[in-house]
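Asks: sequence and computational prediction follow.
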Amino acid sequence: MKKLIRAAALLFLVGSIGYYLWNGLTQETEEGFGFLAWVGPQMIAPIVACTVVPFAFAFTGDSVMAAFSGRNSAAFRDGLIGVGTVTGTRPTGMSLNDQPELRIDLSVQGADGATFASYARLVVPMTDVALFQPGAMLPVRYLPGRTDKVEIDRSGDTVQAQHALNEAMVRQGVTTRENLQIAEHGVAAQAVVRSLEVPGELRGGNPRLVIGLGVTRPDGTSFTTEVVKYLPPRAVQHVQVGRVVNVHYLPDNESALVIAFPANA
């Protein structure tokens, strides 16, 4: 669809300019109108075409088309999924229904663990702009042979996105394979954060947190425990005292507990 619209706009531009030149040259030669042969209604089509073409290219950009369709562009729809960490954002100057388009600079960790710098463009509601602060982690789609540009994943496949985020966190030392097994096979429950200590130690830029939890079992009984986690700075807000968090634990070893964060937390 994007290529069809752009091709039609360019064809209209070329055709209108071609007709204008042909009309002007013909009248100037055959009827001797001179300058007047170039002035008149024949100017309307080229002027309109010169206005339409920029709009056609702007509004068929990948981010705009994605905003309309809610899906990734055809080129990236089947791309590999990786995890992008936001390093910076800036508006492109374009907007759609008063929603700004942002250029989001990213450090992307691919499916094979390799890291590369890239960027994505995305039309973002004003209420969501704050979610794209430096340090935020987002699932992205990328093409192995073209890593200079990526797209924020819009497939809605939260399982695949969560898997990519988990793998990235394992490589960064934020979590372990054992913790992932607990998250997958442990008992799901809810817990209230009772205490939070930040000793000051960092691992991969992530602070070490000592989190005291009051966990409610599925049968209504409860227990308390304390876990040590290395969490990205953006996730610290989710474990403030008084917050309710989702957890998974092993029934035969309740101290083996993990806090479950969704991929877009």
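Replies: Perfect, I can see it now.
Asks: now the strands for the stretch 51-200 of the chain?
Replies: 80-96, 99-109, 115-123, 137-143, 146-152, 187-197 (DSSP state E, counting those that start in this stretch).
Asks: so which residue is dead centre in this structure?
Replies: By Cα atoms, centre = their mean, the chain has its centre lying nearest to Ile152, at 2.9 Å.
Asks: run through the residues that contact it.
Replies: 84, 104, 120, 122, 138-141 (Cβ atoms under 8 Å, 6 or more residues apart in numbering). Bear in mind the C-beta positions are built from the backbone N, C-alpha and C, glycine included.
Asks: could you single out the most deeply buried of the strands of the stretch 51-200 of the chain?
Replies: Greatest average neighbour count among these goes to strand 137-143 (a mean of 23), per mean count of other Cβ atoms under 10 Å.
Asks: off-centre distance for it?
Replies: Its chain's C-alpha centre and that of strand 137-143 lie 7 Å apart, by Cα atoms, centre = their mean, to the nearest Å.
Asks: same thing with stretch 137-152?
Replies: With Cα atoms, centre = their mean, you get 9 Å for stretch 137-152.
Asks: okay, now Ala111: neighbour count?
Replies: 15 (other Cβ atoms under 10 Å).
Asks: point out where the stretch 51-200 of the chain drops to low pLDDT.
Replies: 52-70, 173-174 (pLDDT under 70).
Asks: if you set the cut-off to 80 instead, what comes out?
Replies: With pLDDT under 80 as the threshold, the stretch 51-200 of the chain has low-confidence stretches at 51-74, 95-98, 113, 130-131, 135, 155-163, 165-176.
Asks: list the contacts of Thr175.
Replies: 166, 169, 230, 258.
Asks: from Gly220, how far out is the first one?
Replies: So that's Asn166. 30 Å (Cβ to Cβ, to the nearest Å).
Asks: neighbour count winner among those two?
Replies: Asn166 (19 against 6).
Asks: what segments of this protein are helices?
Replies: Assigned by DSSP state H, the helices in the chain fall at 2-30, 44-58, 62-69, 158-171, 177-185.
Asks: ok, Gln237 - contacts?
Replies: No contacts exist for Gln237 under Cβ under 8 Å, 6+ apart.
Asks: measure it to Asp219 for me?
Replies: Gln237 is 30 Å from Asp219, where distance means Cβ to Cβ.
Asks: from what I can see Pro125 touches Asp98, true?
Replies: No: Pro125 is not in contact with Asp98 according to Cβ atoms under 8 Å; the separation is 9.2 Å.
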